[in-house]
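K.L.:
this one's structure only:
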């Protein structure tokens with residue numbers, strides 16, 4: 001029975017993050033992936049309570065902090081959304097970096113503070129800038145990321161054969177130029193972009209087996225990113241829209257998506273290790289991306305990517321359940 005849950009509300013580029021601060025018990029399990037699985041299999045009512053209406057909406061996103069099991073981590077996080085529990089979330093990392101400092105989880109340094117966050121996909125190192133005691137911009141170094149498929153074709157009902165790439169940036173994304181579907185990211189209606197991206201995701205899931213070489217739980221397509229065809233060099237941001245989970249629309253440029261896009265661009269030799277690219281979301285928010293290091297995730301050549309942006313506070317909340325409320329456990333209309 002849920003009595004009361006407290007949260008801190010934030011957003012990054014318009015993409016919400018509901019940080020659970022009290023009212024949800026720590027899930028059982030030794031490792032973070034075990035805790036995530038327990039929450040999914042035995043306590044999913046908390047996610048529905050907070051993500052769904054009447055307290056949330058189709059595009060709500062949340063984070064539950066739990067004790068880390070990684071020796072270098074300051075904290076660990078379970079991400080949640082309209083469909084379930086994701087493996088990585090860059091916009092949440094940016095928000096959690098600020099939150100960790102502002103709420104005393106980490107001692108704030110004078111100019112920049114490191115916050116090591118264990119995610120289901122691995123350890124992510126965030127760096128939070130401070131000016132005159134106030135936290136600001138956040139950058140993080142991604143987990144090793146790679147091009148999974150280049151020039152992959154899938155058959156679709158409305159668009160025929162479609163060519164796309166699949167990149168891993170803590171989660172797997174199908175990535176393609178929206179123009180190949182007859183759409184333009186900056187001018188098309190959001191619902192049209194969502195419908196197209198959803199059809200692409202369904203086609204990839206049905207036709208392309210996806211596995212992660214190191215962890216079975218990471219091996220699935222999280223969503224589709226439609227782009228303007230650019231790569232964001234020379235102060236010309238590349239626009240994109242990410243549609244993930246159950247047709248959920250990311251208001252931010254998508255941190256893990258930026259990472260996947262940078263890994264793909266590096267695999268195609270379109271960017272060098274010292275070049276900074278910019279990525280723009282449907283709200284006009286900007287994330288930066290830069291290749292931080294080159295490595296390997298057998299059998300793939302991989303990179304780590306530094307992603308930067310800004311998160312902001314939007315409030316605090318206490319959510320309750322009234323006895324006898326037939327809709328109090330959560331519902332979605334679309």
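P.N.:
Received, thanks. Just so it is clear, the model here is predicted, and its values are computed rather than measured. Numbers count the residues shown, from 1 in each chain.

K.L.:
those helices in the stretch 1-150 of the chain, which residues are they?
P.N.:
Secondary structure of the stretch 1-150 of the chain, counting by DSSP state H, counting those that start in this stretch: helices at 32-42, 45-51, 90-102.

K.L.:
where do the strands sit along the stretch 151-300 of the chain?
P.N.:
For the stretch 151-300 of the chain, the strands defined by DSSP state E, counting those that start in this stretch occupy 160-168, 172-177, 221-227, 238-244, 248-249, 276-280, 286-297, 300-309.

K.L.:
need these in TSV (columns: mean pLDDT, mean neighbour count and distance to residue 193).
P.N.:
From N, CA and C alone the C-beta is placed, and that goes for glycine too. Formatted as TSV, the strands of the stretch 151-300 of the chain follow (pLDDT from 0 to 100; neighbours: other C-beta atoms under 10 Å; distance: least, C-beta to C-beta, whole Å):
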stretch	mean pLDDT	mean neighbour count	distance to residue 193
strand 160-168	98	20	15
strand 172-177	98	24	12
strand 221-227	98	26	6
strand 238-244	98	25	5
strand 248-249	98	20	8
strand 276-280	98	22	14
strand 286-297	97	18	19
strand 300-309	98	22	21
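
K.L.:
which among those is found nearest to residue 10?
P.N.:
Of all these, the one in closest proximity to residue 10, counting by C-beta to C-beta, is strand 300-309 (12.3 Å).

K.L.:
next helix or strand past the closest one?
P.N.:
Next helix or strand after strand 300-309 toward the C-terminus (DSSP states H and E): strand 311-320.

K.L.:
what comes up buried for that following strand?
P.N.:
Using 16 or more other C-beta atoms under 10 Å as the burial criterion, the residues of strand 311-320 that qualify are 311, 319.

K.L.:
please apply the same query to stretch 206-219.
P.N.:
In terms of neighbour count (16+ other C-beta under 10 Å), stretch 206-219 has its buried residues at 208, 210, 212, 218, 219.

K.L.:
dump these to CSV, plus pLDDT and distance to residue 2.
P.N.:
Conversion of those to CSV gives the following (pLDDT from 0 to 100; distance: C-beta to C-beta, whole Å):
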residue, pLDDT, distance to residue 2
208, 98, 39
210, 98, 35
212, 97, 34
218, 95, 30
219, 97, 32
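
K.L.:
as JSON lines, these with distance to residue 314 would be great.
P.N.:
Output for the buried residues of stretch 206-219, formatted as JSON lines (distance: C-beta to C-beta, whole Å):
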{"residue": "208", "distance to residue 314": "38"}
{"residue": "210", "distance to residue 314": "34"}
{"residue": "212", "distance to residue 314": "34"}
{"residue": "218", "distance to residue 314": "30"}
{"residue": "219", "distance to residue 314": "34"}
